Every structure is written in structure tokens, then in C-alpha cells.
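Undergrad: Please work out how this folds:
(one chain, ligands or ions: 3)
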Amino acid sequence: MEIEQFVSKTLELLQEEREAEIEETRVWQENIALKDLQSKGVCLLKLQIGSQSTGLYGRTVVTLEPRKHIGISVLPSNSFGPGDIVGLYETGGFSTASQIGTGIVTRVSQASISVAFEDSQDGLGVDSDSLYNLFKLANDVTYKRMKHALNALNGYSNGPAANLINVLFGYSQPGSQSQPAEVAFLNSDLDDSQREAVSFALSQREVAVIHGPPGTGKTTTVVEIILQAVKQGQKILCCASSNVAVDNLVERLARCHAKVLRLGHPARLLESIQKHSLDAVLAHSDNTNIIADIRKDIDKAFVSEMKKVHDKGERFNFKREVGELRKELRTREAAAITQILKSADVVLATNTGACDDGPLKYLPADHFDWVVIDECAQALESSCWIALLRARKCILAGDYKQLPPTIKSQTAAVKGLSVSLMERLIQKYGDSVVRMLTVQYRMNSAIMEWASKEMYQGRLTAHSSVERHLLKDLPGVSCVEETSTPLLLIDTAGCGLSEMEVTDEQSKGNQGEVDIVELHIKALTEAGIKARDIAVIAPYNLQVELLRQKLSTRHPELEIKSVDGFQGREKEAVVLSLVRSNRKGEVGFLAEDRRINVAVTRARRHLAVVCDTQTVQNHAFLKSLIDHMTECGEVRTAFEYLQDIVPQNYTRDHKDTKASASASSSSSTKQKAKNQAPVKAKQGQKKPGKEDAARSDKHTKSCSSALTEEERTKNRSAEIREQVERFLKDQNQSELQFPSSFSSHDRLLVHQISEELGLSHESKGEGKDRCIIISRPLKSKPVEEPTQLEAVQEEETVPEPQEKPLCQPPLDLKSLHLERMKREQQKREENAQKNVKTLCGVSATIYLFIVSLTGKNCTKAGACDIAAAAGADDNFDALITAVMKADSVCSFVKCKASVLTLGQLCLFCNRQYCLSHHIPEVHGCGDKAKSHARMRISKEGVLYAGSGKKDKSMDPNKKAYLQRKLDSKLKDMASQRKTKSKDKDN
Ligand SMILES: Nc1ncnc2c1ncn2[C@@H]1O[C@H](COP(=O)(O)OP(=O)(O)OP(=O)(O)O)[C@@H](O)[C@H]1O
Ligand SMILES: [Zn+2]
Ligand SMILES: [Zn+2]
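TA: Ligands and ions are numbered 1, 2, ... in the order given. Got it, this is the predicted structure:
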């Protein structure tokens, strides 16, 4: 490709991308009042100047504090952090006119925030009597630098990189040394593929690409390459797209005693890295004392003199004096910096930190010999060119089978902006410029094999240290089903756990999968796995949000993130919720293979995938994952979890069979291996026979009977039926109690049979002693337990049975369950109507109201009145009053739920929504929420997309409290009713 053509096309796409970002910011800012922005944590209003001083390189560091005279000395909760780019504004505006300057946050405490402002000619025009607003800003520095680099590339001639540029654009072929020297490896632990990569990198003349699949020691290899080059006397510029990756390299190189120097704003560096930063080294240089003296002079002059001077002319003179001092400071610092830069062997920076307008401007153009770019597949090619123009040779490391750089403009991405330099080179030169690392040190081989086969031509092998490692091998972890299997597929096919219907096509959620994930996390943590060793990953931000709402309070150390947010990381256990479950078989952006690859390959010892195989199998790549897990792992149907999700629809499980182990996670650990049920519960498996045998349970040897699944189920069903019929004949017996040793499958059968015969059934006891009891049909059904009301929800979300039912027994069960739900709701409605007569009006209203609420399975988020009433004390009257005021409904088009008491205000559209619809993605504010989330993430200086911050207004504890309160109140009312009606009967 012609350089010119590449540059003009890329500039165009960058412009498009930049505009998309600006548009996002604009939409977001225009629709929200300043106060709301502050409550979202992205701006701080009415601050006063605490102090001003001069920092390194003559920057002005201003410390801002809350207004003192109103007695508040703590900043409102905010999301500002070191490294954020911020704008300082006069109060009353957020326009360019009212902007005083932009700077970088250096420090945030409860009481103040410090910002370093670039020096300007006449200082920062702030005074200590005024108030200011501080906003987080979108960052255009990166764009400017990339543009600058592209333009420099276009006009490049005769610099050190001339030959490299020719190779990277195909004008000349890459070359290598004719006789590569024997390499004496510094790290004796390197495996063969790593050694080969090092030798290759050393012998290539212009370019070497190191392809490092997940866990293959890419950093280890890059470090060895750099150390070898240093040994040869080369000067290296080493970059990566994220600060974290750069810091990691600094740490590893420093450990090997390389002379490293880290560029970048000190505010953005890890603390442990700071001693290698330019600022720190500068502070210890010979010139330090002089520089410090000058700085002191400036500060003194500013603080003490400026106040005294009122005369305009004098002020002018004074400012000029300060200007002179600062100039002197800069000259001396420049000398010091040049000296420090020249003496370092390896200079490290982010891709964009390697720009000409930073400290590197003090170095001659041909100072560096090599440029090393790590994470190259995650970087925009334009950002690589900032550093590449400085060297005659480059080493590019990364994995182009993982996610490409995040791009906001879909059109720009499609037109090629997302193609990384690494990918482009491999397309151009194939394997001749690439060496791949093939031994991986992370995943159990069962987890690795799929990725290897599908993504890396089957070339990966697992190192013996990880090949067979499992969760149960970790200290303090007990040996249960969940901790003994590297792969667990929890299949929701046919279980009616559909994805949420949202107006926003980009964001999806699935409450059923959230519930199942919760149960699996419970099982893992109860087996002794630390929450911090588990990652919960979902491809959609909405699902991430739902998972956080459900899990974060109980497990603060559990990391719940989008796939994109986990790139480059690993965890002992990974639970993946694929979300998509619909009859159309749409998989949307799950279809990005690299996203799934990243998600799966984060796991070291255990990967659990929760998904609707029927939906996701429509995508060939996902199907290959499902097939692999079916073949090499354990498969469970979500039905085994449903009993815990929909209380009392299915009896609680407590005995451990293979299939039910996790259903009652609380007791599964202790009961492993004893009391095996005669029939193994294996519902809903799609391919009985061969696969069944393949994944037959290694723990339950007792089930290796010759009978097929179906036959066993039939036999068992007949046995139970016989027992039930005997009981029905015997009029002396009022109830039949089944032993607590019954497996979940047995209990499903009991459930089915008693449903069929119209018997009531319930489970009694806790934990081990929990068992199922059936009794004769009651003439009049007792009032429902409050918790059962939640079951109504089921009916609403459950779609009609799938056209091609894959798992017959569960489907039968499902329709039974549905029927029963319908019956129960009818009864409830009748009951409710009766109650209107028997109870006083207000309570009845509340009852209906609560029924409608709980019926919608709302999570009882206390918006205002009810929360306040319930939170304040036990005054139920207050609650009643609050309910009586309710007369407004959810703003969602089809929804009629009341919102005044348990509604939520959407900050994006300012409307009230019920609890089923308050999430922005659900009612159509998804774009705004997403751009908000993205803005926040881009502020964090990380290039990947993530998820929005948790809505602080929804305190889960409060929700839970409210839920309990409603439940107990309802119970009271129910029992009151019972006694009343009894009284009447008597
Ligand atoms: N030759 C080796 N022998 C033993 N362990 C190794 C070897 N190479 C790498 N490892 C181990 O593998 C893990 C990952 O290595 P490293 O940090 O170099 O990889 P990375 O590049 O950061 O990760 P990734 O390969 O996922 O990009 C580390 O725990 C490291 O100790
Ligand atoms: Zn909204
Ligand atoms: Zn609603």
C-alpha cells in the first residue's frame, strides 16, 4: 500500500472516530444538568483555590477545595482520579469561553483535588476569592499525536526509520542477518518456542513479530529480547498501549538490572514504578538542588508577592520576572533530562507517550536503535507510528486473535481503522516475519484445547505445571464436583430463561443466567474458592450491570467485567454468561470470535459457561465451544438450578448426584460421594448415548448401568408412582414423606407425578434434612406464601415452548409448571378479590399493590417514599400512606406498573420507571448510558470498553431490607386473614 494513501485514509478515519467521540460527549453533556453531572461524579462544582505551587517542569499545581464558609470540607463523591484530564471553568458555564485551562489530576483526597496545569504565558488566571467548576474532559491529545505522526510518516525521508518504513509498506522485503550469532540466553527457563522467538527477533534486520497466545509468556520473551539487545549495546524505546502493560515491563526489566527510564505523567504510574520515572530520576540528579532553588523562588514570589502587588504596571513586571525564572528552570531541566535520557538503555512509555512533544524531543532523531511495541494487536496502527519513526528496527509483540483496539465509530472500524499493524503485516508477509510462542503456562489443557484448535492451528501445548491443575488443588479448597472439573456447561436451552427484551440492540441482559451464575458462585465459594480468584464475565454491559447488582454486595472481591475489560488478565475460575437466548437464534456481537476467545482463555483451572445452547449454537464458532465442552467437560441443564431460582416450584435439592451437585450448593460439599441416588439425574442432555458416556461422571461409579437414560427415568418414575398410588389408597395416611436421600431428579419426578394427580407437595426441613412431602388435595387452598408470588414472574418471561424441543422431560415439566403457575395466579386473584371484602380497603390495596410488584419480580428498589418509610422505622402506617399516594405509572410504553413508591428515576431521560424497566438499556436510554460508561473508561486512560458505574442511588442493602419488610408484612396479613376466616367459620 502506498504510504500516502494509507496516511490520507487513516487520517480520515481518525477524524470520523474523533467526531463520534465528541458527539457522544456532547449528547451526554447537553442532556444533563450540572447538578446531575456532579452526582454522577464527573464534575465538581463551586470549588475554591486552596493553594498553588510549581511542580516539575514548571507546571502549576493547583489544589482545589470545597467552599469553606458553608462548613463542608469534604468533596462530594466523585470519579476523579490521578491522570484524568480535566478542565477548570468559571462557575456558571461549561463552554470554551468560560474555560480557564486544562490540566491533569495529580492527587485526589477526601478534602481536596490537585491539578497540574501546563504553564501558560501569564500564569493561570485564578484568584483565591472566586469559585470554580472542574470537569472531566475527553482527551484529544492522543488524536493530535497520532495525526502528527501520520503526517511525519508521509513526509519522511532519510531518517533512521526509512528502511523500516519501506518494509512495513511493502516497498522492500524484510531481511535478516545471514549468519545469526549463537544466543547465550540470560533466562535459562525459556522454552523452545520462546528461545526461537528471541533468536529470530535478534537476527531480523527490520521487523520481527512475536505472536503470543494467552499465557505463553509473551512478556518473558520480550524482556529477554530487550536484555539481549542491551547486551549488544543497542538503545531501545519500548512501548505498549496501556500504562499497566508499560509498568509491567518496567518492573520486569528493572528486576533484571536493566537501566530503565519510564516516561509519563507521574500521576499515571504505579507507585512501585515511580522511582524509575523521569521525574524521580531527575529529582536525584546533580542539577536537582539548583532546580529546587529556582522552583522555591518562583513559589515564594508567587504566593507572597502577588497578593501585595496591586499596581498594574508592577503586576506586569512581576509576571515577567516569574516568566524569566521559569525559563531558567526549563533550560536547566532540559539539560538534566537529556543527560538522563541518554544514559538509559531502555526508555519506556505508552505508544502516545513516545511523542515528540514530550521529553523525547531532547534526544537526537537517531538516538534509538530498536523500537519494541508490546500489545501491538490492541493498538491503533497510527499510535504505533509515533514511536516507529524513531528506529531502524522494530519488534512487535501481541496476539491478533484477541480483541482489536476499541473503536467508537462503527464505520471507521469497518473501513479498516481496527486493523492493527501486527495483523496487517501478517497479511502481507505471512509467517516469514512471525514466530509464535506455543507453550502456555495458564490453562488446564481441557480449557486450552478448544482455543488452540479454533484459534491457533492446534499448535498450543500446556506446560506440565498447569496441564492438569484444578480448583481442588488450591490450598483450602475442598474436592466437590465444581472444583474437580475444568469445564462446566450449564445449558439453559428449553428452560425459558430468555434474554430481556430491550429496545437497545447493543445491550442485552438475561436475569435467569444471572440467577444461575449466582448459584454457581455460591457453590464455588462454599467449596473454599476465594471470590478474588473468580471472574464473572459477560459480553454485554447490561448483563455485567445486572450481575453486579446481584453479586457485588455479597462478594466485593469478585471481579465482574465485560470481556473487553478482562483482556490481558487471568483468574483461577471464570464464569461466563453468554446472555443470548431467543427463538430467532440471534447471537449478535457474540459472533466476534476474538471476544469469545478472550473470555475463555482467562481461566486457569475452571471455566463455567452459562448459555442457551440452542440459541448460541447457531454460530459456528460458539458451536465449536459447546461441542468441545460437551465432549471434554461436564454438562448440566439449568433445570437443575431452577428449583433454587423459583422457590418451591421444585423441591430443594440437597443430596448430591452428579447432576444436582450445584443445585444445592450449600450442602453439596459435605455430602459428596455418600448417599448416591440410585438414578443419576441427567436431564436435558441433547445427545444421549455416545456423549453421555464420554462425560459420564468419574465420581459416581454407581451409575455405570447398562440402562439408557430414558429407561432409567422410566423405571424410577414407575417406582415412585407406585408409592404414590399406594399412599392414595390408604386413607389413614394423610401425607407421604419421601426420604431425604432423594436426588433432585427423583424429586422432579415426585413433582411431576403429584402435579399430574393433583396432589400438593412441599419440601420441609433445612439442608441435609430437607425432604419432599406430598399430601391429599386440599379443598380450599391456604393463602399463598408471599415468596410464591414471585413465581408469577416466571409466567411472563417464559416463552412458549420451543418449536423443536431438545430436552423432552424438562419441557414437560415446564408446561406443568406453567399450568400450575396459571392456576396459582387465578387463585391469587380470587383471593385478592375476596380480601378486598374482608380486609379494610387500604390494606387490600396494598396487598394488590404488593402482589403486582412482587409478581413482576421487581427487586424492590426503594426509590423514595416506601424506602423512606420503611427505612425510618417500623411504622407500617407510613408505608400505607406512601402506597396510597401511588398514582403514577412506569414510563415504559407497554408497562402499567406503578412507580411512585418503588420506581426509579432515569437520569438520562428524567422519567420514572418501574423496577423492570428502570435500567437505561431496557427503556431506550442505552446509548446515553453507554456513552457515559465509555467516557468514564476513556478517562481512566484505558483503551478498552467496559461497563458503567453502579448506580449509587440503589443501595442493595436497602433493597434487601425493603424486600424482607414487605415479605414479612405480607405474611402477617396473610395469617391475619387466616385467623379471621377461621373465626368466621367457627
Ligand atoms: N519458560 C517458562 N517457564 C516457566 N514459566 C514460564 C515461562 N515463560 C512464562 N512463564 C510463566 O507464564 C506466566 C505468564 O508469563 P508472562 O508474564 O511472561 O506472560 P504475559 O506475556 O504477561 O502473558 P500472556 O502470555 O498472556 O500475554 C508467568 O507466570 C510466567 O512465570
Ligand atoms: Zn431513561
Ligand atoms: Zn415498567
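
Undergrad: Now do the domain split for the protein, please.
TA: For the chain, the TED database gives the domain ranges 32-138, 469-640, 863-940.

Undergrad: So for ligand 3, which of those domains sits nearest?
TA: domain 863-940 (3.0 Å; CB to the ion). C-beta: built from backbone N, CA, C; applies to glycine.

Undergrad: ok, and the closest non-adjacent residue to residue 441?
TA: residue 463 (4.9 Å; CB to CB, 6 or more residues apart in numbering).

Undergrad: Let me see the ranges of the strands in the stretch 1-150 of the chain.
TA: Secondary structure of the stretch 1-150 of the chain by DSSP state E, counting those that start in this stretch: the strands cover 43-54, 60-66, 85-90, 99-108, 113-117, 132-136.

Undergrad: so can I have CSV of the ones you listed showing distance to residue 530, mean pLDDT and mean neighbour count?
TA: Output for the strands of the stretch 1-150 of the chain, formatted as CSV (distance: least, CB to CB, whole Å; pLDDT from 0 to 100; neighbours: other CB atoms under 10 Å):
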stretch, distance to residue 530, mean pLDDT, mean neighbour count
strand 43-54, 36, 86, 19
strand 60-66, 38, 88, 21
strand 85-90, 36, 86, 20
strand 99-108, 29, 82, 19
strand 113-117, 34, 88, 23
strand 132-136, 34, 87, 23
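
Undergrad: Let me have those strands in CSV, extended by distance to residue 633.
TA: Listed next are these as CSV, based on distance: least, CB to CB, whole Å:
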stretch, distance to residue 633
strand 43-54, 49
strand 60-66, 55
strand 85-90, 46
strand 99-108, 45
strand 113-117, 50
strand 132-136, 44
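
Undergrad: Would you tell me which of these gets closest to ligand 2?
TA: Going by CB to the ion, the one of the strands of the stretch 1-150 of the chain nearest ligand 2 is strand 43-54, 20.2 Å.

Undergrad: what are the pairing partners of that closest one, and which direction each?
TA: strand 60-66 (antiparallel), strand 132-136 (antiparallel) (DSSP bridges).

Undergrad: I'd like the distance between the residue lying closest to residue 127 once chain neighbours are set aside and residue 89.
TA: Leaving aside its sequence neighbours, residue 127 sits nearest to residue 49 (CB to CB, 6+ apart; 7.3 Å). Relative to residue 89, residue 49 is positioned 13 Å away (CB to CB, to the nearest Å).

Undergrad: so who does residue 152 touch?
TA: 385, 389 (CB atoms under 8 Å, 6 or more residues apart in numbering).

Undergrad: neighbours of the residue in the stretch 301-450 of the chain that ligand 2 sits nearest to, just the number please.
TA: In the stretch 301-450 of the chain, the residue that lies nearest ligand 2 is residue 408 (20.8 Å; CB to the ion). Residue 408 has 20 neighbours, counted by other CB atoms under 10 Å.

Undergrad: Adding distance to residue 383, write the strands paired with strand 43-54 out as TSV.
TA: Formatted as TSV, those follow (distance: least, CB to CB, whole Å):
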stretch	distance to residue 383
strand 60-66	28
strand 132-136	22
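
Undergrad: Out of those, flag the one nearest ligand 1.
TA: strand 132-136 (30.5 Å; CB to the nearest ligand atom).

Undergrad: neighbours of residue 719, just the number please.
TA: Residues lying near residue 719 (other CB under 10 Å) number 14.

Undergrad: got it, and residue 205?
TA: Counted with other CB under 10 Å, residue 205 comes out at 14.

Undergrad: by contact count, what packs against the helix or strand residue 249 falls within?
TA: Using DSSP states H and E, residue 249 falls within helix 243-255. Contact here means 3 or more CB pairs under 8 Å, 6 or more residues apart in numbering; DSSP states H and E; on that basis helix 243-255 packs against helix 218-231, strand 236-240, strand 260-262, strand 346-350.

Undergrad: which parts of the longest one are buried?
TA: To tie it back to what came earlier, the one meant is helix 218-231. 218-230 (16 or more other CB atoms under 10 Å).

Undergrad: what are the C-alpha coordinates of that helix, in CSV please?
TA: Taking Å, rounded to 0.1, in the frame of the first residue of the first chain, the C-alpha atoms of helix 218-231 are listed here in CSV:
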residue,chain,number,x,y,z
LYS,A,218,5.0,-13.1,25.8
THR,A,219,6.3,-10.6,28.4
THR,A,220,9.0,-13.1,29.5
THR,A,221,10.1,-13.3,25.9
VAL,A,222,10.0,-9.6,25.2
VAL,A,223,12.1,-9.0,28.3
GLU,A,224,14.7,-11.5,27.1
ILE,A,225,14.8,-9.8,23.7
ILE,A,226,15.3,-6.4,25.2
LEU,A,227,18.1,-7.6,27.6
GLN,A,228,19.9,-9.3,24.7
ALA,A,229,19.7,-6.1,22.6
VAL,A,230,21.0,-4.1,25.5
LYS,A,231,23.9,-6.5,25.8
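
Undergrad: contacts for it?
TA: With CB under 8 Å, 6+ apart as the criterion, helix 218-231 contacts 183, 185-187, 190, 194, 197-198, 201-202, 210, 212, 236, 238, 248-249, 252-253, 256, 258-259, 345-346, 369-370, 372, 374, 395, 397-399, 437.

Undergrad: Is it correct that the residue nearest to residue 441 is in contact with residue 439?
TA: Yes. Using CB atoms under 8 Å, residue 463 makes contact with residue 439 at a distance of 5.3 Å.

Undergrad: mind checking which helix or strand residue 397 is in?
TA: Assigned by DSSP H and E, residue 397 falls in strand 393-398.

Undergrad: List the strands paired with that strand, with their directions.
TA: For strand 393-398, pairing defined by DSSP bridges yields strand 207-211 (parallel), strand 370-373 (parallel).

Undergrad: Just checking the shortest one against ligand 1, any contact.
TA: No. Using CB under 6 Å from any ligand atom, strand 370-373 stays clear of ligand 1, with a minimum separation of 12.9 Å.

Undergrad: residues of that strand that come out buried?
TA: 370-373.

Undergrad: Please apply the same query to stretch 169-184.
TA: Buried residues in stretch 169-184 (16+ other CB under 10 Å): 169, 174, 176, 183.

Undergrad: Kindly identify which of those residues also come near ligand 3.
TA: When the buried residues of stretch 169-184 are checked against ligand 3 using CB under 5 Å from the ion, none falls in range.
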